[in-house]
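# The sequence and its predicted three-dimensional model are supplied below.
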Amino acid sequence: MLPAGLPDYHVHTFRCGHAGGASREFVEAAIARGLSEIAFTDHVPLYFLAPGKRDPKLAMREDQFEGYVEEVRSLAREFEGRIAVRLGLEADYAEGFENALSGWLAKAEWDLVLGSVHWVAGDWIDAPGAPRRFEREGAESLYREYYRLLALAASTGFFDVLTHFDLPKKFGNRVFPPLEEAEDRAIAAAAAAGCAVEVSSAGLRKPVAEIYPEERLLRKLVAADVPITFSSDAHAPAEVGWGYDRTLPHARKAGARAFVTFEKRRKAVHALPPL
Ligand SMILES: [Zn+2]
Ligand SMILES: [Zn+2]
């Protein structure tokens with residue numbers, strides 16, 4: 001099934017150091033699949049790490065930033081009337097570095113800013129070494145800290161959409177029973193800030209093989225009136241709009257009846273297309 005009428009609001013270009021394909025091919029793939037919009041959302045330069053620790057395989061370098069903004073703007077002009085190409089950013093939230101982040105966010109007129117928590121308790125929560133962290137540090141403490149940071153991220157007001165809401169499950173690490181209080185604080189913070197969440201097919205391509213967020217959490221988010229949008233976290237043109245035959249029914253099953261899009265950070269609400 002084609003993802004007709006839905007946006008793909010999370011797409012990476014070669015600049016992030018771990019994606020491939022010409023940016024134009026991502027847009028062409030979005031048109032071919034009947035998407036309504038595509039947002040480029042490369043990773044903000046790793047402002048919260050010391051310059052020597054900013055791995056160019058994880059996020060764009062500072063000197064690539066202007067070229068990124070220029071390229072997305074020029075694609076938006078080129079494809080005007082065929083598909084909306086949005087200028088976005090996947091911005092890491094790092095506690096204590098809010099001023100630096102707000103400096104980056106002021107550098108361009110974004111259509112949408114994604115808020116991501118990848119850096120948890122001094123290291124990545126989603127890097128290949130993460131499963132060993134779960135063994136060493138314990139799933140409960142990592143999950144608790146992750147949701148604490150996610151709640152803080154939402155309440156900064158910096159972000160339009162929170163990404164991969166239950167990211168710590170990426171390699172299959174879980175807490176039983178789930179830390180509902182910690183989750184609920186992040187959900188309440190998102191609702192209070194008017195922050196949306198993405199329903200992302202990326203987790204289906206990861207060891208956990210599950211959509212972000214899982215149905216139990218998405219149901220709570222929808223019940224709390226947190227708006228949703230759709231994304232693939234594509235790192236190649238073939239992944240644009242990927243997995244929507246599963247994410248759309250997932251959203252409906254969790255009770256969602258609408259999704260949101262963004263232009264210049266203004267939110268528009270649309271009815272979910274039929275299955
Ligand atoms: Zn991410
Ligand atoms: Zn991403």
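Cool, the structure landed. The structure displayed is predicted, hence computed values, not measured ones. Ligands and ions are numbered 1, 2, ... in the order given.
# can you pull the pLDDT of L275?
Confidence at L275, expressed as pLDDT, is 73.
# got the contact list for it?
Counting by Cβ atoms under 8 Å, 6 or more residues apart in numbering, L275 touches 248-249, 252. Where C-beta positions appear, they are placed from N, C-alpha and C, glycine not excepted.
# mind redoing it with 6 Å?
Neighbouring residues of L275 by Cβ atoms under 6 Å, 6 or more residues apart in numbering: P249.
# ok, stretch 182-202 near ligand 2 or not?
No - applying Cβ under 5 Å from the ion, one finds that stretch 182-202 is not in contact with ligand 2, the shortest distance being 7.2 Å.
# for the record, mean pLDDT for that stretch?
Looking at stretch 182-202 alone, the average pLDDT works out to 98.
# which parts of that stretch are buried?
Of the residues in stretch 182-202, those buried under the neighbour-count criterion (16 or more other Cβ atoms under 10 Å) are 182-183, 185-187, 189-191, 193, 195-202.
# what about it, start to end distance?
Between the start and the finish of stretch 182-202 there is a gap of 23 Å, counting by Cα to Cα, to the nearest Å.
# repeat for stretch 149-163
When the end residues of stretch 149-163 are compared by Cα to Cα, they are separated by 13 Å.
# same deal with stretch 106-113?
Start and end residues of stretch 106-113 are separated by 11 Å (Cα to Cα).
# Check which residues of it are buried.
By neighbour count with 16+ other Cβ under 10 Å, stretch 106-113 contains the buried residues 108, 110-113.
# Could you report the separation of A4 from ligand 2?
Between A4 and ligand 2 the distance is 23 Å, computed by Cβ to the ion, to the nearest Å.
# Excluding chain neighbours, what is closest to V44?
The shortest distance from V44 to any residue other than its chain neighbours is 4.6 Å, reached at A91 (Cβ to Cβ, 6 or more residues apart in numbering).
# helix, strand or coil for the one you found?
Secondary structure of A91, reduced to three states by DSSP: H, G, I helix; E, B strand; the rest coil: strand.
# my read: it touches D42, true?
No - in this structure, A91 sits apart from D42 without contact. The criterion is Cβ atoms under 6 Å, and the distance is 10.1 Å.
# can you pull the contacts of H18?
Applying Cβ under 6 Å, 6+ apart to H18 gives the contacts K57.
# Quick check: phi and psi at it.
The phi and psi torsions at H18 (degrees, to the nearest 10) take the values phi -140, psi 30.
# From ligand 2, how far off is it?
Relative to ligand 2, H18 is positioned 10 Å away (Cβ to the ion).
# same deal with K220?
Separation of K220 from ligand 2 (Cβ to the ion) stands at 23 Å.
# Quick check: that residue is in a strand.
No - secondary structure of K220 (three-state DSSP): helix, not part of a strand.
# what residues are up against it?
So K220 contacts I187 (Cβ under 6 Å, 6+ apart).
# any idea how far it lies from P207?
24 Å (Cβ to Cβ, to the nearest Å).
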